[in-house]
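> let's see this in three dimensions:
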Amino acid sequence: MEINRTINLNGQIKVNDKIVAHLNAGINSSAMGMNITLNIVDKELAMDNEDIVIDQYTQFEQKVKETAKELGYPII
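Residues are numbered from 1 along each chain as shown. Coordinates of the predicted model:
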């Protein structure tokens, strides 16, 4: 029997308490990899605050990578 383990992380990118985007990540044991999905819900606000959006996305990505490493997955 094969059992695969998937870890999910979720977050939101916010500007002035307004949600700009939703972030979802999955770490999959069978593929020994990860994926991150970004769904923009307010394109205009995201474009007007590009630096904030990029910074928060980078923070989320770093947390996903840290979690993957803690679980023993090789991350480039």
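
> which stretches in this structure count as strands?
Secondary structure of the chain (DSSP state E): strands located at 6-15, 18-28, 33-40.

> pLDDT below threshold where in this structure?
Segments of the chain classed as low confidence (criterion: pLDDT under 70) are 31, 75-76.

> one more pass at 90, please.
1-7, 27-34, 65-76 (pLDDT under 90).

> report the buried residues of stretch 3-11.
7, 9, 11 (16 or more other CB atoms under 10 Å). The way it works is simple: take the backbone N, C-alpha and C, and place the C-beta from them, glycine included.

> distance check, Asn4 against Met34.
Asn4 sits 14 Å away from Met34, going by CB to CB, to the nearest Å.

> gap between Asn39 and Glu2?
Noted for Asn39: a distance of 31 Å to Glu2, by CB to CB.

> ok, Ile54 next?
For Ile54, the distance to Glu2 equals 38 Å [CB to CB].

> compare those two (neighbour count), which wins?
Using other CB atoms under 10 Å as the criterion, Ile54 and Glu2 rank with Ile54 on top: 12 against 5.

> how close does that one get to Glu61?
With distances taken as CB to CB, Ile54 is found 10 Å from Glu61.

> not counting its own residues, what contacts the helix ranked longest in the chain?
Across the chain, the longest stretch assigned as helix under DSSP state H is helix 50-70. Helix 50-70 is touched from outside by 7, 9, 11, 13-15, 20-21, 23, 25, 27, 34, 36, 38, 46, 75, with contacts defined as CB atoms under 8 Å, 6 or more residues apart in numbering.

> how about that helix: buried residues?
Buried residues in helix 50-70, counted by 16+ other CB under 10 Å: 52-53, 56-57, 60, 64-65, 67-68.
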